[in-house]
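Undergrad: need a structure here:
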Amino acid sequence: MKIAIFTDTFLPDVNGVAKTLGRFTKYLDQSNHSYIVISPKQTRKEINAGQIYRQSSFPFPLYKDCRISLPNTIHLKEIIKKFQPDIIHVATPFSIGLTGLHLAKKYQIPIVGSYHTDFDQYLKYYHLTFLSKALWRYMEWFHQPFLRIFVPSSVTCHQLQQKGFQHLQIWQRGVDTTIFHPFYSTEEIRKKYNIKEPYILSYVGRLAPEKNVELLPQIAKQLPAELQENVHWLIVGDGPSKTNLVKDWEYNVTYTGFLPQKEVAKIVSASDIFVFPSETETFGNVVLEALATGTPVVAANEGGVKNIVQEGFTGKLCNSHDIDSFINAINSILYDKDWQYQLEQNAIRYAQKQRWEDRFEELISTYQFILEETKTKQKHA
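TA: Numbers count the residues shown, from 1 in each chain. Predicted structure coming up:
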């Protein structure tokens with residue numbers, strides 16, 4: 001099978017979409033399928049390969065980590081005619097995604113899409129809720145031709161059903177247990193970051209308003225005094241909110257910036273609890289990765305995360321924006337060692353069953369089903 005992937009974000013970008021697609025192409029490299037990726041040019045070191053076609057891009061003014069692409073449609077037409085894909089997979093609804101949609105229609109190539117990001121939720125964090133109606137109208141129009149819309153969780157599936165989207169199919173994410181596992185040295189992390197406190201709490205992700213990260217210092221500062229003294233926070237990631245976080249929160253906290261996955265895994269594995277206040281996740285890859293290292297998760301009871309964290313079994317789900325809810329959850333885990341150990345074991349067992357290979361095989365099987373379905377319809381047309 002020949003697969004053309006159109007995406008406005010790809011490696012070396014550090015986000016769930018880019019990492020998922022990066023894993024998928026790695027899987028395809030080891031299979032009998034061939035692929036091309038149409039994605040933006042980056043300023044950072046890029047993953048270059050013959051089948052990745054980078055398009056001109058510039059930083060999005062409101063958020064420098066995101067880029068707006070200017071696809072070369074004439075060149076892309078030639079690439080598509082030469083490659084002759086069996087199917088086009090569009091991962092994002094921006095300029096490159098639009099080009100993929102246009103080319104699929106022009107050359108009558110079956111098209112599918114994946115819905116990764118809840119942009120409507122993002123609007124409230126940037127005081128742009130007045131755009132919500134227009135956004136949904138655009139998203140409905142954009143996704144309407146897709147033969148399948150892959151969504152990462154039942155929560156997201158239900159949300160899109162309510163908006164009238166059709167051809168939805170749940171396609172969950174996996175975890176690489178060769179990287180995210182519980183067998184790293186905690187002492188190595190304590191030594192590296194000079195941590196003397198008995199407890200380590202961590203967060204991994206973009207430091208941006210839509211991740212609700214401003215809740216973290218509030219939680220840290222309102223922990224019981226005794227616990228405040230005994231907890232060290234490791235904040236992994238970067239983004240527009242970092243400046244304010246650093247200004248507001250300096251006590252018993254280390255900001256590591258972006259780190260390679262193995263270094264992230266070591267930190268999360270060394271943590272007693274992974275704290276994740278984001279309300280905007282369609283899935284929450286980092287949450288599944290934390291569970292794979294045997295670290296219980298305390299997270300907001302919102303979005304796709306509530307399909308991953310099993311309340312009281314692998315972690316605690318909290319009322320979003322309710323600082324007391326997060327504090328009570330952290331207290332209850334740290335002060336009950338037997339229960340904490342049980343949460344850790346449950347987390348490992350659950351995560352080990354979530355293999356990326358299984359997820360990609362499900363995706364390829366659906367592609368094949370769609371192609372057969374399309375051929376049957378063409379025969380009877």
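
Undergrad: domains for this protein, by residue range?
TA: Annotated domains of the chain cover 2-174+355-379, 186-352 [automatic domain parsing].

Undergrad: could those domains go into JSON lines alongside distance to Phe180 and mean pLDDT?
TA: No exception for glycine: its C-beta is placed from N, CA and C like everyone else's. Shown next, in JSON lines, are the domains of the chain (distance: least, Cβ to Cβ, whole Å; pLDDT from 0 to 100):
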{"stretch": "domain 2-174+355-379", "distance to Phe180": "10", "mean pLDDT": "89"}
{"stretch": "domain 186-352", "distance to Phe180": "4", "mean pLDDT": "96"}
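
Undergrad: surely Ser69 is in a strand?
TA: Yes - according to DSSP: H, G, I helix; E, B strand; the rest coil, Ser69 belongs to a strand.

Undergrad: from what I see, it and Ser95 are in contact.
TA: Yes - look at Ser69 against Ser95 with Cβ atoms under 8 Å: they come within range, at 4.7 Å.

Undergrad: more neighbours: which of these two?
TA: Ser69 (24 against 18; other Cβ atoms under 10 Å).

Undergrad: report the contact partners of the more buried one.
TA: By Cβ atoms under 8 Å, 6 or more residues apart in numbering, the residues touching Ser69 are 8, 39-41, 55-57, 94-96.

Undergrad: can you say which of the residues you listed are buried?
TA: The neighbour-count criterion (16 or more other Cβ atoms under 10 Å) marks 8, 39-40, 55, 57, 94-96 among the contacts of Ser69 as buried.

Undergrad: in helices only, show me those residues.
TA: 95-96 (DSSP state H).

Undergrad: let me have the buried ones among the contacts of Ser69 in CSV, extended by distance to Thr374.
TA: Output for the buried ones among the contacts of Ser69, formatted as CSV (distance: Cβ to Cβ, whole Å):
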residue, distance to Thr374
Asp8, 26
Ser39, 26
Pro40, 30
Gln55, 28
Ser57, 32
Phe94, 26
Ser95, 27
Ile96, 23
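
Undergrad: any idea which of the buried ones among the contacts of Ser69 is closest to Ala134?
TA: Phe94 (14.9 Å; Cβ to Cβ).

Undergrad: got a list of what that closest one touches?
TA: By Cβ under 8 Å, 6+ apart, the neighbours of Phe94 are 8, 68-69.

Undergrad: specify which member of those residues is nearest to Pro277.
TA: For those, the nearest to Pro277 is Asp8 (26.2 Å; Cβ to Cβ).

Undergrad: got the CA coordinates for the single longest helix found in the chain in PDB?
TA: The longest helix of the chain (DSSP H) is helix 356-379. C-alpha atoms of helix 356-379 as PDB (Å, rounded to 0.1, in the frame of the first residue of the first chain):
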ATOM      1  CA  TRP A 356       2.100   0.900  19.200                       C
ATOM      2  CA  GLU A 357       2.400  -2.000  16.800                       C
ATOM      3  CA  ASP A 358      -1.200  -3.100  17.600                       C
ATOM      4  CA  ARG A 359      -2.500   0.500  17.000                       C
ATOM      5  CA  PHE A 360      -0.700   0.800  13.700                       C
ATOM      6  CA  GLU A 361      -2.000  -2.600  12.500                       C
ATOM      7  CA  GLU A 362      -5.500  -1.400  13.300                       C
ATOM      8  CA  LEU A 363      -4.900   1.700  11.200                       C
ATOM      9  CA  ILE A 364      -3.600  -0.200   8.200                       C
ATOM     10  CA  SER A 365      -6.500  -2.700   8.400                       C
ATOM     11  CA  THR A 366      -8.900   0.200   8.200                       C
ATOM     12  CA  TYR A 367      -7.100   1.700   5.300                       C
ATOM     13  CA  GLN A 368      -7.400  -1.700   3.500                       C
ATOM     14  CA  PHE A 369     -11.100  -2.000   4.300                       C
ATOM     15  CA  ILE A 370     -11.700   1.500   2.900                       C
ATOM     16  CA  LEU A 371      -9.800   0.700  -0.300                       C
ATOM     17  CA  GLU A 372     -11.800  -2.500  -0.800                       C
ATOM     18  CA  GLU A 373     -15.100  -0.600   0.000                       C
ATOM     19  CA  THR A 374     -14.100   2.100  -2.600                       C
ATOM     20  CA  LYS A 375     -13.400  -0.500  -5.300                       C
ATOM     21  CA  THR A 376     -16.700  -2.200  -4.700                       C
ATOM     22  CA  LYS A 377     -18.600   1.100  -5.000                       C
ATOM     23  CA  GLN A 378     -16.700   2.000  -8.200                       C
ATOM     24  CA  LYS A 379     -17.700  -1.400  -9.700                       C
END
